[in-house]
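Asker: A structural model of the following input is requested.
(one chain, ligands or ions: 1)
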Amino acid sequence: MLNFNYRNPTHVVFGKDRIAELDQLVPANARVLITYGGGSVKRFGTLDKVKAALGNRIVFEFAGIEANPKYDTLMQAVEVARKENIDFLLAVGGGSVMDGTKFIALATQFEGDTTSLLYHGFAPVPVADDKVIPLGVIATLPATGSEMNAFAVVSYQGGKFPVNHPNVYPTFAMLDPELTFSLPKIQVANGVVDAFVHVIEQYATYPVDGRVQDRMAEGIMRTLIEIGPITVAEPTNYQARANLMWSATSALNGMIGVGVPFDWTTHMIGHELTAIFGIDHAQTLAAVLPSVWRVRKPQKHAKLLQFAERVWDITEGDDDSRINQAIDKTEAFFQQVGLKTRLRDYGIDKAQIDDVIAALAAHGMTALSETGDLGLDISREILEKAW
Ligand SMILES: NC(=O)c1ccc[n+]([C@@H]2O[C@H](COP(=O)([O-])OP(=O)(O)OC[C@H]3O[C@@H](n4cnc5c(N)ncnc54)[C@H](O)[C@@H]3O)[C@@H](O)[C@H]2O)c1
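Answerer: Below you'll find the model as predicted:
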């Protein structure tokens, strides 16, 4: 196992009918900015319940944080936060709203060019620790794990940029499965696949004898395989949705990623596909992951074999056949929940792979993978196989 530090300060408040508890979770006398997206929180009555729970606090609202949140939109919220001396942010929404709110928390008191916050890759952005506005989240879409991690992804000038800082862990994350019942089926399917691929990026690398991490990862994946199709088909099945919600949070709250290598190739290629073609985040992952595996079988041999046996119960055949069966079953699982797994099915021409390669080059994505040896030539091979 590799050396690691682990700290996760987010207070998880899980279960139905918890919104009234905001009164204890949000500091009394706070000047609160509630952030949300396109209006589903208004339509389904969540916003009214949130405002009622906040009682006499001074509350402002910022609506319109879009999917794949844009820097320019978030800077409009930063202006509101600065003007109104906001000292607590409350995100109500999916990964895009939660991520966007983390960026607002960082940018509001940042002195200097706020676009510079976008260019630190996976390293924490350099802001003085006490200059981040605290935030809480009410998650309405189980997928990203943003509710219990310190990461955000922000869209800017045709690219998607990871941003992180230890002070943007939400102080609390309210996870009520019932708040997700209103999701369209495709968003639930996206959530199942997003969570699954988050686990994979921290699991399907090379073995370091991280037994707890591996078995937790395998447990999350088996859970997603069990409940994924059910929760897509039965939107109001509380137990299935509760298990999806906790799977998605557990997939990316840091626990399974401690002391093990990570990959993130699928995400980095996927981000370019979203930025260029507007394909939903999880759908890019569904198309890219099987192809990453088919190209990187030699590097991932041992973990893919373990994955075949422990996640899919595949015990027959030689090594290569077991790995191939596991990849095929994973691709079929993504299709079963409702996602397409080929780039051509998303309307991309084969010639447009050149645009993706150019974007990867422009964003410095030239040494991907758990070993940093995945250059543009291999990304091209992956994209061609995914087509
Ligand atoms: N921070 C992280 O660790 C992390 C990890 C993975 C992905 N991401 C990023 O998160 C973003 C995707 O987030 P997402 O998948 O949660 O989707 P999303 O937040 O973009 O939401 C997708 C759509 O669902 C709607 N929606 C949300 N909740 C709803 C509800 N309860 N009922 C009806 N509609 C609802 C939204 O309005 C939106 O139109 C991408 O930008 C991705 O890059 C972040």
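Asker: so the spatially most central residue of the chain, which state does it fall into?
Answerer: Taking C-alpha atoms, centre = their mean, the centroid of the chain lies closest to residue 144, which sits 2.7 Å from it. Under DSSP: H, G, I helix; E, B strand; the rest coil, the three-state class of residue 144 is coil.
Asker: now it, nearest residue through space, not along the chain?
Answerer: Leaving aside its sequence neighbours, residue 144 sits nearest to residue 95 (C-beta to C-beta, 6 or more residues apart in numbering; 3.2 Å). (C-beta placed from N, C-alpha, C; glycine too.)
Asker: outline the domain layout of this protein.
Answerer: Using automatic domain parsing, the domain parsing of the chain gives 11-179, 184-386.
Asker: which one of those domains lies closest to residue 3?
Answerer: Closest to residue 3 of the domains of the chain, according to C-beta to C-beta: domain 184-386, at 7.1 Å.
Asker: the stretch 151-300 of the chain against the ligand: which residues are in contact?
Answerer: Residues of the stretch 151-300 of the chain found near the ligand (C-beta under 6 Å from any ligand atom) are 151-153, 160, 179-180, 182-183, 187, 190, 194, 252, 281.
Asker: can you select the buried ones among those for me in PyMOL?
Answerer: The PyMOL selection below is limited to those of those classed as buried (16 or more other C-beta atoms under 10 Å):
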select buried, resi 151+152+153+160+179+180+182+183+187+190+194+252+281
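Asker: if we can go back for a sec, doesn't residue 146 make contact with the residue nearest to residue 144?
Answerer: Yes - using C-beta atoms under 8 Å, residue 95 is in contact with residue 146, at 4.7 Å.
Asker: tell me the contacts of the nearest residue to residue 28 once chain neighbours are set aside?
Answerer: Using C-beta to C-beta, 6+ apart and skipping residues adjacent in sequence, the residue nearest residue 28 is residue 57, 7.3 Å away. Contact partners of residue 57, counting by C-beta atoms under 8 Å, 6 or more residues apart in numbering, are 26, 28-32.
Asker: which SSE is residue 192 in?
Answerer: In this assignment (DSSP states H and E), residue 192 forms part of helix 185-201.
Asker: what about the helices in the stretch 201-350 of the chain?
Answerer: Along the stretch 201-350 of the chain, the segments classed as helices by DSSP state H, counting those that start in this stretch run 211-233, 238-251, 265-277, 281-295, 297-312, 319-337.
Asker: same question, the stretch 51-200 of the chain
Answerer: So, for the stretch 51-200 of the chain - with DSSP H, counting those that start in this stretch - the helices run 71-83, 95-107, 185-201.
Asker: point out the most buried one among these.
Answerer: For the helices of the stretch 51-200 of the chain, the largest average neighbour count (mean count of other C-beta atoms under 10 Å) is found in helix 95-107, namely a mean of 29.
Asker: that one vs helix 281-295, what angle?
Answerer: Angle, helix 95-107 to helix 281-295, by axes from the mean of the first three to the mean of the last three C-alpha atoms, to 10 degrees: 100 degrees.
Asker: avg pLDDT for helix 95-107?
Answerer: Average pLDDT, helix 95-107: 98.
Asker: one more: stretch 117-126?
Answerer: Mean pLDDT, stretch 117-126: 90.
Asker: residue contacts, the closest residue to residue 179 other than its chain neighbours?
Answerer: Leaving aside its chain neighbours, residue 179 sits nearest to residue 140 (4.9 Å; criterion: C-beta to C-beta, 6+ apart). Going by C-beta under 8 Å, 6+ apart, residue 140 touches 40-41, 46, 92-94, 179-180, 182-183.
Asker: just the residues you listed now: which is nearest residue 267?
Answerer: The closest of the contacts of residue 140 to residue 267 turns out to be residue 94 (C-beta to C-beta; 16.8 Å).
Asker: tell me the contacts of the closest residue to that closest one other than its chain neighbours?
Answerer: Nearest residue to residue 94, sequence neighbours excluded (C-beta to C-beta, 6+ apart): residue 141, at 3.2 Å. The neighbours of residue 141, taking C-beta under 8 Å, 6+ apart as the test, are 93-95, 180, 183, 187, 191.
Asker: 10 Å instead, please
Answerer: By C-beta atoms under 10 Å, 6 or more residues apart in numbering, residue 141 lies in contact with 37, 40, 93-98, 147, 179-180, 183, 187-188, 190-191, 194, 245, 248.
Asker: show me the strands in the stretch 1-150 of the chain, by range?
Answerer: Here the stretch 1-150 of the chain has its strands, by DSSP state E, counting those that start in this stretch, at 11-14, 31-35, 58-62, 88-93, 135-139.
Asker: which among those is found nearest to residue 239?
Answerer: Nearest of these (C-beta to C-beta): strand 11-14, 13.0 Å.
Asker: from the contacts of residue 140, pick the one nearest residue 343.
Answerer: Nearest to residue 343 out of the contacts of residue 140 is residue 94 (C-beta to C-beta; 24.1 Å).
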